[in-house]
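*Asks:* here is my input, please return the structure:
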Amino acid sequence: LRQPETRHHNQSNTSNISNNNQDNNNSQPYTIRATKKGTVPCVVEKRKHHKVVVVSNIEGDIHALLSALQKALGTGGVVKDKHTIEIQGDERHDSRVKQFVLTTGCVVGASKTVKALYDEGKKQGHCEAGEGHTQGVQKKKASIDPTVPLDTKTIKAMKPTELKKHLSARQLSTQGNKKELMTRLMAWHVSS
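*Replies:* Next comes the predicted model:
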């Protein structure tokens, strides 16, 4: 007779947990409790021959969080105990894990400064998988107008990276040292 009662009790506990997650406007079946300082409980630890990112203070479906992190980061991981997981990776993965959990909103009790740092990074274009980086490069290439004439003094004052930008805008080769790049760009201006 006691077995059905305990099963009923366990079912009511799980429904309370899922209701609490819904009350927090959190669609995930998991949450991560922030540290006392309000940061994400995520550290890089050394193992015998590699490094791992350890995420602790996890409540709820820990396997769902591990699966989501593995898909987002493209790396392996393992559940260590009831409240801790390890993700394969180093400092780069540490920052990406923090970004992921802050983006999904599963961190409970994160300080305003931690959230503000993430929002600031997002505004500056530090997106996942380098999306913002490629957009910025395309804008820089598009900003150089190949029809604008350059004088010899300006070309000689340019650094190699600037020379390469001007050469690529004019669809010329960007290979070689600074002297070769200057010669190629000056030759193009003489011929045009």
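
*Asks:* element containing V54?
*Replies:* Assigned by DSSP states H and E, V54 falls within strand 51-55.

*Asks:* list the helices and strands that strand packs on?
*Replies:* Applying 3 or more C-beta pairs under 8 Å, 6 or more residues apart in numbering; DSSP states H and E, we find strand 51-55 packed against strand 42-46, strand 84-88, helix 91-104. For the C-beta atoms, the positions are set from N, CA and C on the backbone; glycine is no exception.

*Asks:* mean pLDDT lowest where, among the ones you listed?
*Replies:* Averaged per stretch, pLDDT over the helices and strands packed on strand 51-55 is lowest on helix 91-104, reaching a mean of 87.

*Asks:* parallel or antiparallel, list what pairs with the helix or strand that comes right after that one.
*Replies:* The first helix or strand that comes after helix 91-104 along the chain, using DSSP H and E, is strand 107-108. Within its sheet, strand 107-108 is paired with strand 30-33 (parallel), according to DSSP bridges.

*Asks:* can you map out the helices along the protein?
*Replies:* With helices called from DSSP state H, the chain shows them at 2-23, 62-73, 91-104, 112-123, 131-143, 152-157, 160-169, 178-191.

*Asks:* number of nearby residues for K159?
*Replies:* 10 (other C-beta atoms under 10 Å).

*Asks:* excluding chain neighbours, what is closest to it?
*Replies:* In space, and not counting its chain neighbours, K159 is closest to K178: 7.9 Å by C-beta to C-beta, 6 or more residues apart in numbering.

*Asks:* which residues does that neighbour contact?
*Replies:* Counting by C-beta atoms under 8 Å, 6 or more residues apart in numbering, K178 makes contact with K159, P160, L163.

*Asks:* kindly reformat these as TSV containing pLDDT and distance to A116.
*Replies:* Compiled in TSV, the contacts of K178 are given as follows (pLDDT from 0 to 100; distance: C-beta to C-beta, whole Å):
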residue	pLDDT	distance to A116
K159	92	35
P160	92	38
L163	91	39
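
*Asks:* closest to H49 out of those?
*Replies:* Nearest to H49 out of the contacts of K178 is P160 (C-beta to C-beta; 39.3 Å).

*Asks:* which residue, neighbours along the chain excluded, lies closest to that closest one?
*Replies:* Per C-beta to C-beta, 6+ apart, closest to P160 is K178, 4.9 Å.

*Asks:* where does the one you found land on pLDDT?
*Replies:* At K178, pLDDT is 92.

*Asks:* with A68 instead?
*Replies:* Per-residue pLDDT puts A68 at 92.

*Asks:* that one and Q28, how far apart?
*Replies:* Taking C-beta to C-beta, to the nearest Å as the measure, A68 falls 8 Å from Q28.

*Asks:* likewise for A187?
*Replies:* Distance, A187 to Q28, by C-beta to C-beta: 60 Å.

*Asks:* of the two, who's got more company?
*Replies:* Each of A187 and Q28 has its neighbours counted (other C-beta under 10 Å); Q28 has more, 17 against 11.

*Asks:* for that one, give me the pLDDT.
*Replies:* Note for Q28: predicted pLDDT of 80.

*Asks:* before I go, just wanted to say thanks for your time.
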